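Chemist: sharing a model prediction with you, sequence too.
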Amino acid sequence: MPLLIIVPACAGGGDDYTERMAGEHDGDEPVSNVSSENLQGANISTENVEYTETDGETISGYYAEPENASEDIPAIIVIHEWWGLNENIRTMTDQLAAEGYKALAVDLYSGEVTESSEEAQQLMQQAMEDPETAIENLDAAIDYLKGERSADRLGVIGWCFGGAWSLNISLASADEIDATVIYYGHLETDPAAISDLNHPVLGIFGEEDEGIPVEDAHEFEAALQEIGVEHEIHIYEGADHAFANPSGNNYNAEAAEDAWEKTTSFLDRTLKGE
């Protein structure tokens, strides 16, 4: 199928997606991570792995799985926020492993990580300007999990910038993916543009998010309904953009905990058949 990139590579203007994300993250810093407390005693193994190359440069990701994992457990691609592959994303990857999945956190920034909103905006814009490379990166992650890790069922999850790419790779490689989770990522709301989706989708959004407006979430839900894709869309009252990031200033513990319960339930049902 033709490559469809639903993150607009805009070059300025009031509707520029990166500008809206900058507004949502104004004054924000990923400085701590309370979610790691939930992993005390978790029986998982972790490692940094090389899963692809870009322009001759090896790209490393972060991999986690349950200790003594069997080959037949499902896998999940984890896509970072606009900060890059940082401690928070590693912790979320560990949490997925603790839930019984093989999880690979990819790196779409070629090793760059930041705590600066200004730098994050630049890194995000650079990735958006070269969408083919990002898709190749994510396709390599699919190949790694299905080849090196023998995964027979595969999900994808992403937050913010990563939420948009969760949808992107689900459109570009729909037949390789069995479940998609989007946390407040940019959406395509045209039913014709997402007609290749052929697996369940979970969308998590904040009511107060001006970067990903509630209206877009409703239109996305209507589009999924029109094309007959199984879906769950949850919009959290009083929650802002990035409300599920425990290392950020917009963290909303009550909404985040409920969203995580819905996420694990969705993944268990669609990937494990539970």
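Modeler: Cool, the structure landed.
Chemist: look up how far residue 86 lies from the closest residue in space to residue 187 that isn't next to it in sequence.
Modeler: Distances taken as Cβ to Cβ, 6 or more residues apart in numbering place residue 220 nearest to residue 187, at 4.4 Å, with adjacent residues excluded. Yep, even glycine has a C-beta here, placed from its N, CA and C like the rest. From residue 220 across to residue 86, the span is 27 Å (Cβ to Cβ, to the nearest Å).
Chemist: of these two, who's got more company?
Modeler: residue 220 (24 against 18; other Cβ atoms under 10 Å).
Chemist: mind listing what that one touches?
Modeler: Shown in contact with residue 220 (Cβ atoms under 8 Å, 6 or more residues apart in numbering): 187-189, 203, 233.
Chemist: mind checking how far it is from residue 180?
Modeler: 12 Å.
Chemist: state the distance from the spatially most central residue of the chain to residue 228.
Modeler: By Cα atoms, centre = their mean, the chain has its centre lying nearest to residue 158, at 0.7 Å. Here residue 158 is placed at a distance of 24 Å from residue 228 (Cβ to Cβ).
Chemist: over to residue 69?
Modeler: 34 Å.
Chemist: which one's more surrounded, the two?
Modeler: Neighbours were counted for residue 69 and for residue 228 using other Cβ under 10 Å; residue 69 has more, 18 against 11.
Chemist: the more buried one contacts residue 99, doesn't it?
Modeler: No. With contacts counted by Cβ atoms under 8 Å, residue 69 stays clear of residue 99, the gap being 11.9 Å.
Chemist: any idea where the helices of the stretch 51-200 of the chain begin and end?
Modeler: 87-98, 117-128, 131-147, 161-172 (DSSP state H, counting those that start in this stretch).
Chemist: same list (those) but as JSON lines, adding distance to residue 59.
Modeler: JSON lines is the format used below for the helices of the stretch 51-200 of the chain (distance: least, Cβ to Cβ, whole Å):
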{"stretch": "helix 87-98", "distance to residue 59": "15"}
{"stretch": "helix 117-128", "distance to residue 59": "13"}
{"stretch": "helix 131-147", "distance to residue 59": "6"}
{"stretch": "helix 161-172", "distance to residue 59": "14"}
